[in-house]
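Visitor: no FASTA, just this:
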């Protein structure tokens, strides 16, 4: 089989195993049978068993397969990719600085959104989506599109899964949070469910995101080869 087929196969196996083992029915049964910690071990083991070969196959066969589009040299598209990556890094940083109330370490665990959570209740998952889209724009080979296309899929599925799980665990408190926020960026603000205040500006996340962007630009040719 060609490299593109192998990349696609491992991508399907990774996504399928991730969805199956994290689904409500399978997760509940496994935890009931072996306990919470062993379940996490099984989950991690299966994830590494499929993600590892996928990364290995992609690393050995970058830019494999037919060319689907060539946008790297188009200035507006290249600028858009840079903007998406910077935004993704800011969202990643913000997900640690102002975590979702449904995650561990959330300040107070309340249902009132603040900061980046007024833009999207899942900054990290949206960051995954933007990361994938930015790289798909710049890498139009079939193998690249399959690999980087996984990130938006995982981001969307991950956000939906976390919402369902936290509703079961937190009940009305998380339902109140859902009612005030949106997964799609800016939808809650546009819909009037929340209002932006001066204190919501995520300056710390922006600063960290900019620093990460500079570091990635400097190290990208060394670690990954080529220019970002």
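Guide: Structure received. Keep in mind it's a predicted model, so treat the numbers as computed, not measured.
Visitor: how much space between residue 81 and residue 72?
Guide: Taking CB to CB, to the nearest Å as the criterion, residue 81 is separated from residue 72 by 9 Å. C-beta: built from backbone N, CA, C; applies to glycine.
Visitor: er, residue 47 actually
Guide: In this structure, residue 47 and residue 72 are 31 Å apart, going by CB to CB.
Visitor: and residue 193, which of the three is it?
Guide: Following DSSP: H, G, I helix; E, B strand; the rest coil, the label given to residue 193 is coil.
Visitor: now for the top helix by length along the chain, which elements pack on it?
Guide: For the chain, the helix with the greatest residue count under DSSP state H is helix 142-170. Contact here means 3 or more CB pairs under 8 Å, 6 or more residues apart in numbering; DSSP states H and E; on that basis helix 142-170 packs against helix 3-22, helix 24-34, helix 36-60, helix 123-138, helix 172-180.
Visitor: now do the buried residues in the third one.
Guide: When you say that, I think you mean helix 36-60. Of the residues in helix 36-60, those with enough neighbours to count as buried (16 or more other CB atoms under 10 Å) are 39, 43, 46, 50, 51, 53, 54, 57, 58.
Visitor: thought the fourth one was touching residue 13?
Guide: Yes. Residue 50 lies in contact with residue 13 (CB atoms under 8 Å); the separation is 4.8 Å.
Visitor: quick one: buried residues of the lowest-mean-pLDDT helix or strand in the chain?
Guide: Of the helices and strands making up the chain, the lowest-confidence element is helix 24-34, at a mean of 83, by mean pLDDT, DSSP states H and E. Within helix 24-34, the residues that count as buried by 16+ other CB under 10 Å are 27, 30.
Visitor: can you give me the angle that helix makes with helix 142-170?
Guide: Between helix 24-34 and helix 142-170, the angle comes out at 70 degrees (axes from the mean of the first three to the mean of the last three CA atoms, to 10 degrees).
Visitor: which strands or helices does helix 24-34 pack on?
Guide: Counting by 3+ CB pairs under 8 Å, 6+ apart, the packing neighbours recorded for helix 24-34 are helix 3-22, helix 36-60, helix 142-170.
Visitor: as CSV, these with distance to residue 195 and mean pLDDT would be great.
Guide: Shown next, in CSV, are those (distance: least, CB to CB, whole Å; pLDDT from 0 to 100):
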stretch, distance to residue 195, mean pLDDT
helix 3-22, 35, 90
helix 36-60, 39, 90
helix 142-170, 22, 91
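Visitor: TSV for these, including distance to residue 135?
Guide: Converted to TSV, these look like this (distance: least, CB to CB, whole Å):
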stretch	distance to residue 135
helix 3-22	14
helix 36-60	11
helix 142-170	4
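Visitor: for stretch 147-162, report the contacting residues that lie outside it.
Guide: By CB atoms under 8 Å, 6 or more residues apart in numbering, the residues outside stretch 147-162 that reach it are 7, 11, 14-15, 18-19, 22, 54, 58, 100, 102, 121-122, 125-129, 131-133, 135-136, 139, 183.
Visitor: please name the nearest non-neighbouring residue to residue 204.
Guide: The shortest distance from residue 204 to any residue that is not its chain neighbour, by CB to CB, 6 or more residues apart in numbering, is 5.4 Å, and that residue is residue 97.
Visitor: got a list of what that neighbour touches?
Guide: In this structure, residue 97 makes contact with 115, 116, 202, 204, 205, 208, judged by CB under 8 Å, 6+ apart.
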